[in-house]
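K.L.:
Predicted model and sequence below, questions to follow.
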Amino acid sequence: MRDQRPSTPLRWCILKEVSNVRHFLTLLDLTSDELNWVIERATELKRFQQRQQLHEPLKNRVLGMIFEKSSTRTRVSFEAGMAQLGGSAIFLSPRDTQLGRGEPIEDSARVLSRMVDVIMIRTFDHDTVERFSAFSQVPVINALTDDFHPCQLLADMQTYREHRGSIQGKTVAWIGDGNNMCHSYINAARQFDFQLRIATPEGFEPSTHLLDSNRDRVQLLRSPEQAVQGADMVTTDVWASMGQEDEQQQRQQQFADYQVSEALLDEANDDVIFMHCLPAHRGEEISHTLLDDRRSVVWDQAENRLHAQKALLEFLLSQED
């Protein structure tokens, strides 16, 4: 977590040297006002694209993209986003870099941050992005770890605002695993001021620390039906995330009662909307036809990854200027 402290005088020195650099590792790295600015800017950038209006504030800027986990939406949205903003992006996989051969994260951060203007990392251990950012001279973006997925929440909050207005004071129901997306929804409840109900089987709860820190706005339940009662938004994710493939069959049994269906949405508010970060497993965490239901906004949600991340890149690099 961000409140961990380095253990050596050298690391303190490096942190002090680059302490003015803004990173985006969780939603808590930006203030509520800054997050709302990013979302408003994302909608504005979306209008620019719809009008085919040229907007290249990041001309000659370079994004380094480190992928240790595979991706469709993350890679395309960041790479296309940088191109549309006038910059460029470099795709780096473990097979293509010394990171895959055991070079220390600290050394890679020192080198890469002298060559590019901003870095995004999609990896497993959240400590990886923490360590990388501590030694980076440029902004570092968490594009997903096992603990958090803040970029997705920017798109989700933008999508809700576009369809229903401000999410402040509303009720969101999370159904399923207490995973990285669930953790980011807890942070979002805090930063955007909404109530969050989490329905998950016993043994799959989110971080106790996050729950304890947000008891005033987060409620843990066992019943999906209870969680969606009066909800303004319902969201879920796959039952087995990347790296948990060997648990897939067992999790299907443990989460069998946690499928989001049209009938479950009928228990929520009449104007409820449904979101899913994708990819979805139809017939598992959602019914076969839910993505095409009139209450589903998943395609707008997926598109908004592009616009929200463009706004985030603008924000972070403007801090440098």
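P.N.:
On my side now, so go ahead.

K.L.:
what about the helices in the stretch 101-250 of the chain?
P.N.:
105-112, 126-134, 150-164, 180-192, 208-213, 224-228, 248-254 (DSSP state H, counting those that start in this stretch).

K.L.:
roughly how far out does the first one sit from the chain middle?
P.N.:
I take that to be helix 105-112. In terms of Cα atoms, centre = their mean, to the nearest Å, the centre of helix 105-112 is set 24 Å apart from its chain centre.

K.L.:
Convert the C-alpha atoms of it to CSV, please.
P.N.:
Only the C-alpha atoms of helix 105-112 are listed here, as CSV (Å, rounded to 0.1, in the frame of the first residue of the first chain):
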residue,chain,number,x,y,z
ILE,A,105,12.5,-3.4,-10.8
GLU,A,106,14.4,-0.4,-9.4
ASP,A,107,17.0,-0.5,-12.1
SER,A,108,14.4,-0.8,-14.9
ALA,A,109,12.5,2.1,-13.4
ARG,A,110,15.7,4.3,-13.3
VAL,A,111,16.5,3.5,-17.0
LEU,A,112,13.1,3.6,-18.6
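
K.L.:
quick one: the strands in this structure?
P.N.:
For the chain, the strands defined by DSSP state E cover 62-67, 88-92, 118-122, 140-144, 171-175, 195-199, 218-221, 233-236, 273-276.

K.L.:
Turn these into JSON lines, including mean pLDDT and mean neighbour count.
P.N.:
Every residue, glycine included, has its C-beta placed from N, CA and C. Shown next, in JSON lines, are the strands of the chain (pLDDT from 0 to 100; neighbours: other Cβ atoms under 10 Å):
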{"stretch": "strand 62-67", "mean pLDDT": "97", "mean neighbour count": "22"}
{"stretch": "strand 88-92", "mean pLDDT": "97", "mean neighbour count": "17"}
{"stretch": "strand 118-122", "mean pLDDT": "98", "mean neighbour count": "26"}
{"stretch": "strand 140-144", "mean pLDDT": "98", "mean neighbour count": "27"}
{"stretch": "strand 171-175", "mean pLDDT": "98", "mean neighbour count": "27"}
{"stretch": "strand 195-199", "mean pLDDT": "98", "mean neighbour count": "23"}
{"stretch": "strand 218-221", "mean pLDDT": "98", "mean neighbour count": "18"}
{"stretch": "strand 233-236", "mean pLDDT": "98", "mean neighbour count": "27"}
{"stretch": "strand 273-276", "mean pLDDT": "98", "mean neighbour count": "24"}
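
K.L.:
Nearest to D300 among the helices of the stretch 101-250 of the chain would be which one?
P.N.:
Nearest to D300 among these is helix 150-164 (5.3 Å), distances taken as Cβ to Cβ.

K.L.:
Could you measure from the nearest residue to M181 once chain neighbours are set aside over to C277?
P.N.:
Spatially, and ignoring its direct neighbours in sequence, M181 is nearest to D237 (4.7 Å; Cβ to Cβ, 6 or more residues apart in numbering). Taking Cβ to Cβ, to the nearest Å as the measure, D237 falls 6 Å from C277.

K.L.:
more neighbours, those two?
P.N.:
D237 (26 against 23; other Cβ atoms under 10 Å).

K.L.:
doesn't H183 make contact with that one?
P.N.:
No. Using Cβ atoms under 8 Å, D237 makes no contact with H183, being 11.1 Å away.

K.L.:
which residues touch the nearest residue to K310 once chain neighbours are set aside?
P.N.:
Among residues not flanking K310 along the chain, G81 sits closest, at 4.3 Å (Cβ to Cβ, 6+ apart). By Cβ atoms under 8 Å, 6 or more residues apart in numbering, G81 lies in contact with L306, Q309, K310, L313.

K.L.:
sorry, back to before: where do the contact lists of D237 and C277 overlap?
P.N.:
M181.

K.L.:
related to what we said a few turns ago, may I see the contacts of G81 organised as JSON lines, with distance to Y160 and pLDDT added?
P.N.:
JSON lines is the format used below for these (distance: Cβ to Cβ, whole Å; pLDDT from 0 to 100):
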{"residue": "L306", "distance to Y160": "17", "pLDDT": "98"}
{"residue": "Q309", "distance to Y160": "17", "pLDDT": "98"}
{"residue": "K310", "distance to Y160": "19", "pLDDT": "98"}
{"residue": "L313", "distance to Y160": "22", "pLDDT": "98"}
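
K.L.:
Redo the residues you listed as CSV? Include distance to S77 and neighbour count.
P.N.:
Below are the contacts of G81 laid out as CSV (distance: Cβ to Cβ, whole Å; neighbours: other Cβ atoms under 10 Å):
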residue, distance to S77, neighbour count
L306, 4, 22
Q309, 6, 30
K310, 8, 27
L313, 11, 26
